[in-house]
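Trainee: Sequence plus the predicted model coming up.
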Amino acid sequence: MPPYRVIALGDSLTYGYPFGKNLSWVKLAEQELRIPFLNQGVNGDTFREMLRRLTIDVLDLKPEFCIVLGGANDVYQGMAVALMQSNLSKIASLLKKNKIKPLLGLSPPLRDEVFEKELGKFRRWVKRFAKDHRFVAVDFYSPFLDSKKKRLLPSCLEDGVHPSLKGYQSMAKAAVEVLQHQFTVSRKGKSPKIFQIVK
């Protein structure tokens, strides 16, 4: 078994900003599942940067799973949704080629409505992409909304972009639920569900 069974590839939302890696959703999920995770979140990263460092930060380490989460920096930098789609598609393809299971994160919402509109387009594409390619999606989005799934819960965001401690706890729960299911599938030697989103 590889030293890190799960690697999280992402930006500051994976890193755990502004609290640091020890309070990130990655660390919280690691503590809950009691298996080794590696946090490869880099503040400010777009999918383009993640693609550039994919070999060193993920492929060479040969984890069983890689959770990929990003998009906020892309939209803030004005990158086209089509470019975001292309870069994430390349990341997922390389992971699969290297026998690493991609788990694609649905980004938490942004408070700014203009940027959230663009991120929402990408988020919907990720759901379709996961379904079409038999990948698993991790819903980091819904836990940030109220029970009717319409309004952003202010308590889940620290500054309009980055999660609060409560937000990171919700993200950890979403990741844990998906991974627990995937571990069960792996032990039984069955194929995973074609499309799975855990809320």
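Mentor: Cool, the structure landed.
Trainee: From the contact counts, what lies against the helix ranked longest in the chain?
Mentor: When the chain is parsed with DSSP state H, its longest helix is helix 165-188. Judged by 3 or more C-beta pairs under 8 Å, 6 or more residues apart in numbering; DSSP states H and E, helix 165-188 is in contact with helix 25-33, strand 65-69, strand 101-106, strand 136-139, strand 197-198. C-beta here means a position set from N, CA and C on the backbone, and glycine is covered the same way.
Trainee: So which bits of the second one are buried?
Mentor: This means strand 65-69. 65, 66, 67, 68, 69 (16 or more other C-beta atoms under 10 Å).
Trainee: Give the bridge partners for the second one, please.
Mentor: In this structure, residue 66 has the following beta-bridge partners (DSSP bridges): residue 7, residue 102.
Trainee: ok so, going back, which one of the helices and strands packed on helix 165-188 is the most hemmed in?
Mentor: When you average the neighbours per residue for each of the helices and strands packed on helix 165-188 (mean count of other C-beta atoms under 10 Å), strand 65-69 leads with a mean of 25.
Trainee: Kindly export the next helix or strand after that strand (C-alpha atoms) in PDB.
Mentor: Next in sequence after strand 65-69, counting helices and strands by DSSP states H and E, comes helix 72-76. As requested, the backbone C-alpha atoms of helix 72-76 are provided in PDB (Å, rounded to 0.1, in the frame of the first residue of the first chain):
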ATOM      1  CA  ALA A  72     -12.300  29.800  -7.400                       C
ATOM      2  CA  ASN A  73      -8.900  31.200  -8.400                       C
ATOM      3  CA  ASP A  74      -9.600  30.400 -12.000                       C
ATOM      4  CA  VAL A  75     -12.800  32.500 -12.100                       C
ATOM      5  CA  TYR A  76     -11.200  35.300 -10.000                       C
END
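Trainee: for helix 72-76, what is the average pLDDT?
Mentor: The average pLDDT within helix 72-76 is 98.
Trainee: for stretch 109-119, same thing?
Mentor: For stretch 109-119, mean pLDDT is 96.
Trainee: what does that stretch rub up against?
Mentor: With contact meaning C-beta atoms under 8 Å, 6 or more residues apart in numbering, stretch 109-119 is reached by 71-72, 75-76, 81, 107, 141, 144-145, 152, 157, 160-161.
Trainee: at 7 Å what do you get?
Mentor: For stretch 109-119, the surrounding residues in contact (C-beta atoms under 7 Å, 6 or more residues apart in numbering) are 71, 72, 75, 76, 81, 107, 141, 144, 152, 157, 160, 161.
Trainee: try stretch 138-150
Mentor: Taking C-beta under 7 Å, 6+ apart as the rule, stretch 138-150 contacts 67, 69, 103-109, 123, 151-153, 156, 167, 170-171, 174-175, 178, 197-199.
Trainee: returning to what we had before: any chance of the helices and strands packed on helix 165-188 in CSV, plus mean pLDDT and distance to residue 55?
Mentor: Putting those into CSV (pLDDT from 0 to 100; distance: least, C-beta to C-beta, whole Å) gives the following:
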stretch, mean pLDDT, distance to residue 55
helix 25-33, 98, 20
strand 65-69, 99, 12
strand 101-106, 98, 15
strand 136-139, 98, 22
strand 197-198, 38, 28
